[in-house]
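Engineer: Dropping the sequence and predicted coords here.
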Amino acid sequence: MAQKKFAYGRVSSTDQNEDRQVLEFLEYGINERDIFIDKQSGRTFNRTNYMILRDNILREGDVLVVKSIDRFGRNYSAIRTEWEYITKTIGADIIVLDTPILDTTQFKDLLGSVITDIVLAVLSFGAQLEVDTKSQAQREGIAAAHMRGVKFGRPKKLPKDWDLWYAKWLANEITANQCCREMGISRSTFYRLVNQAKEDTHE
């Protein structure tokens with residue numbers, strides 16, 4: 001059975017550029033039609049083109065080339081699981097361009113397998129730790145901003161003449177039901193907006 005080489009690359013969002021990964025794959029000798037790219041998070045392997053490649057194209061004896069472990073995935077246990085599935089269940093090899101020791105076409109003896117497992121574990125841990133640390137920093141930054149009174153998200157769109165009818169309701173000139181009819185909103189929406197208005201008042 002002839003060995004075929006495929007490449008898989010990933011960036012986290014549509015505004016990121018995958019060109020550097022693609023260029024390295026082409027320079028490595030992989031045909032452009034055999035390069036698969038996803039623009040999705042690395043937290044999970046449930047990615048469109050990755051699943052097509054893994055489940056429908058990769059066969060025993062083939063080689064999957066990735067630029068680096070963090071481009072392969074960002075979840076420690078998922079990386080280990082996918083690596084095992086590709087190399088053991090499918091019977092394909094994996095080459096990580098940025099880490100030459102992670103080349104299952106070369107290191108097939110016991111010592112090579114142990115070293116590969118150790119390096120893979122360390123890099124997988126690092127890939128997840130980096131994104132976890134970034135997420136934690138973002139959460140802490142958002143929490144600090146909230147404490148300073150910074151508001152996030154789009155401004156809430158209020159019904160037409162909200163201020164007028166809300167003032168009348170506060171003055172007991174009309175009922176909540178009348179307010180809802182005048183503004184064309186439900187009672188649940190009305191009371192949600194009332195609660196928001198109270199929170200804004202006390203900030």
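Structural biologist: Ah, there it is. On a predicted model such as this, the values are computed, not experimentally measured, just so you know.
Engineer: Quick check, pLDDT for residue 141.
Structural biologist: Listed pLDDT for residue 141 reads 57.
Engineer: do the same with residue 16
Structural biologist: 79.
Engineer: Kindly report the same for residue 86.
Structural biologist: On the pLDDT scale, residue 86 is placed at 93.
Engineer: Phi, psi for the residue at the greatest distance from the centre of the chain please.
Structural biologist: Each residue of the chain has a distance to the centre, and by Cα atoms, centre = their mean the biggest one is for residue 173: 51.0 Å. The phi/psi pair for residue 173 (degrees, to the nearest 10) reads phi -90, psi -30.
Engineer: Please report how far it lies from residue 68.
Structural biologist: Using Cβ to Cβ, to the nearest Å, we find residue 173 at a distance of 66 Å from residue 68. Using the backbone N, CA and C atoms, a C-beta is placed for each residue, glycine as well.
Engineer: do residue 44 as well
Structural biologist: Relative to residue 68, residue 44 is positioned 18 Å away (Cβ to Cβ).
Engineer: between these two, who's got more neighbours?
Structural biologist: The neighbour count for residue 44 versus residue 68, taken as other Cβ atoms under 10 Å, is higher for residue 68 (17 against 12).
Engineer: Skipping its backbone neighbours, what lies nearest the more buried one in space?
Structural biologist: If the residues on either side of it in the chain are set aside, residue 68 comes closest to residue 98, at 4.2 Å by Cβ to Cβ, 6 or more residues apart in numbering.
Engineer: which SS class is the one you found?
Structural biologist: Using DSSP: H, G, I helix; E, B strand; the rest coil, the secondary structure recorded for residue 98 is coil.
Engineer: Run through who's touching stretch 56-63.
Structural biologist: 1, 3-6, 64, 86, 90-95, 105 (Cβ atoms under 8 Å, 6 or more residues apart in numbering).
Engineer: do that again at 6 Å, thanks
Structural biologist: With contact meaning Cβ atoms under 6 Å, 6 or more residues apart in numbering, stretch 56-63 is reached by 1, 3, 4, 5, 90, 91, 92, 93.
Engineer: Reformat the residues you listed as TSV; add neighbour count, distance to residue 185 and pLDDT.
Structural biologist: Listed next are those as TSV, based on neighbours: other Cβ atoms under 10 Å; distance: Cβ to Cβ, whole Å; pLDDT from 0 to 100:
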residue	neighbour count	distance to residue 185	pLDDT
1	7	66	55
3	12	65	76
4	15	60	94
5	17	60	96
90	16	56	94
91	12	61	93
92	24	57	94
93	20	61	94
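Engineer: Keep only those of those residues that are in strands.
Structural biologist: 5, 93 (DSSP state E).
Engineer: which one of the contacts of stretch 56-63 is nearest residue 161?
Structural biologist: Lowest distance from residue 161 to those (Cβ to Cβ) belongs to residue 90, with 63.7 Å.
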